[in-house]
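[1] okay, here's the prediction I keep looking at, along with the sequence it came from:
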Amino acid sequence: MTSTAISPSPVSTNSLLWADNLHKRFILHAQGGICLPVLKGTSLKVKPGECVILQGPSGSGKSTFMRSLYANYRVDSGAIWVKHGENRIDLTQCQPHELMAIRQKTIGYVSQFLRVIPRVPALEVAAEPLMELGLEAAAARDNVRSLFRRLNLPERLWSLSPTTFSGGEKQRLNIARAFSVDFPILLLDEPTAALDAANREVVIELIEEKKARGCALIGIFHDEQVWQRVGNRVLTFGREDETALGESHE
Ligand SMILES: Nc1ncnc2c1ncn2[C@@H]1O[C@H](COP(=O)(O)OP(=O)(O)OP(=O)(O)O)[C@@H](O)[C@H]1O
């Protein structure tokens, strides 16, 4: 594959994701062109098997950073190197077809919200990413069923459209959709916010399993009990420094 976004010489790092000196500001055109600088030189490297927690006060830029890592937001400057297959690609420079391939194979994203298409059953919604990767429908559905069971999503809901699901049900569907694929990188934006204690515990287990398989995770969790258990490091916004969590997490 040739692309201007591919590093000409492999970056000397074993990180799966490397955000380098990101700057991002919002210009509020409808409000007198006010400029809101949000990311001011944010950097982060994440290696296989690591989970980095994004922390900081409300409005400090955690979600903006996360959305930039998924190229939902375009940064003003800086680079986001991602190991995609054998290549390292800069997400800030890549072509739309490369971004699609990266989202299909390399970076998974669990957002707080589920975009649902009316009339498509939950099982199909969750199995879609696996089928897009070429897995046959029956195997994809089996994989999703086992995640639905682990996440205690009642079987009577599997054939229903998730439009009427509760917040926690939608969230578990979102988790099954992203966790069914073996993404090398997973971005988790409050994946446990709407869950009860038992299901939170399941998500913690699923995250631990991903780490053991060498996945690099970046997460926003308001629940301290969760991030203390799954996190290796904390990137603090508003201060922009990193703290290692207890040795037991390393
Ligand atoms: N699309 C946007 N347009 C304009 N301003 C935005 C946009 N998205 C975020 N902001 C602003 O950027 C700042 C950072 O927002 P962001 O959502 O990244 O914070 P956060 O740390 O994730 O907050 P919270 O913990 O409350 O979710 C806020 O001041 C917010 O108003």
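    Looks like it arrived, so ask away. Residues are numbered from 1 along each chain as shown.

[2] every contact and neighbour count from this point should use C-alpha atoms.
    OK.

[3] what's the mean pLDDT across the lengthiest helix in the chain?
    Using DSSP state H to define each element, the chain has its longest helix at helix 197-212. Here helix 197-212 scores 95 as its mean pLDDT.

[4] continuing past it, what's the next helix or strand?
    Heading C-terminal from helix 197-212, the first helix or strand you meet, by DSSP states H and E, is strand 216-220.

[5] direction included, what does that next one pair against?
    Based on DSSP bridges, the pairing partners of strand 216-220 within the sheet are strand 51-55 (parallel), strand 185-189 (parallel).

[6] what angle do it and helix 197-212 make?
    For strand 216-220 against helix 197-212, the angle by axes from the mean of the first three to the mean of the last three C-alpha atoms, to 10 degrees is 150 degrees.

[7] burial of R149, as a residue count?
    Residue neighbour count, defined by other C-alpha atoms under 10 Å, stands at 12 for R149.

[8] surely it forms part of a helix?
    Yes: R149 forms part of a helix when assessed by DSSP: H, G, I helix; E, B strand; the rest coil.

[9] what's the closest residue to it other than its chain neighbours sitting at in phi/psi?
    Of all residues not flanking R149 in the chain, E155 sits nearest, at 7.9 Å (C-alpha to C-alpha, 6 or more residues apart in numbering). The phi/psi pair for E155 (degrees, to the nearest 10) reads phi -60, psi -30.

[10] E155: neighbouring residues, count only.
    A count of nearby residues for E155, using other C-alpha under 10 Å, gives 12.

[11] and the residue nearest to L91 when sequence neighbours are not counted, how far is that from the ligand?
    In this structure, L91 finds its nearest non-sequential neighbour in I80, 5.3 Å apart by C-alpha to C-alpha, 6+ apart. Applying C-alpha to the nearest ligand atom, to the nearest Å, the value for I80 to the ligand is 17 Å.

[12] what do you get for Y73?
    Taken as C-alpha to the nearest ligand atom, the span from Y73 to the ligand is 8 Å.

[13] that residue is in contact with T64, isn't it?
    Yes: using C-alpha atoms under 8 Å, Y73 is in contact with T64, at 7.3 Å.

[14] more crowded one of the two?
    Legend: neighbour count by other C-alpha under 10 Å for Y73 and T64, higher for T64 (18 against 14).

[15] what about that one, which helix or strand?
    T64 belongs to helix 62-69, assigned by DSSP H and E.

[16] neighbouring contacts of that helix?
    19, 38-39, 54-56, 73-75, 80, 91, 187, 189, 220, 237 (C-alpha atoms under 8 Å, 6 or more residues apart in numbering).

[17] try 6 Å this time
    Y73 (C-alpha atoms under 6 Å, 6 or more residues apart in numbering).

[18] quick one: is that helix near the ligand?
    Yes: judged by C-alpha under 6 Å from any ligand atom, helix 62-69 comes into contact with the ligand through 62-64.

[19] let's see that helix as CSV, backbone CA atoms only.
    Extracted as CSV, the C-alpha positions of helix 62-69 are listed here (Å, rounded to 0.1, in the frame of the first residue of the first chain):
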residue,chain,number,x,y,z
LYS,A,62,-11.0,13.9,27.3
SER,A,63,-13.8,13.2,24.8
THR,A,64,-12.2,15.6,22.3
PHE,A,65,-9.0,13.6,22.5
MET,A,66,-10.8,10.3,22.2
ARG,A,67,-12.8,11.5,19.2
SER,A,68,-9.6,12.8,17.6
LEU,A,69,-8.0,9.3,18.1
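
[20] so for it, mean pLDDT?
    On average, the pLDDT along helix 62-69 is 96.

[21] that one: how far from the chain's middle?
    10 Å (C-alpha atoms, centre = their mean, to the nearest Å).

[22] which other helices and strands contact the helix or strand following that helix?
    Next along the chain after helix 62-69, taking DSSP H and E as the criterion, comes strand 77-84. On a contact count with 3 or more C-alpha pairs under 6 Å, 6 or more residues apart in numbering; DSSP states H and E, strand 77-84 meets strand 17-28, strand 87-90.
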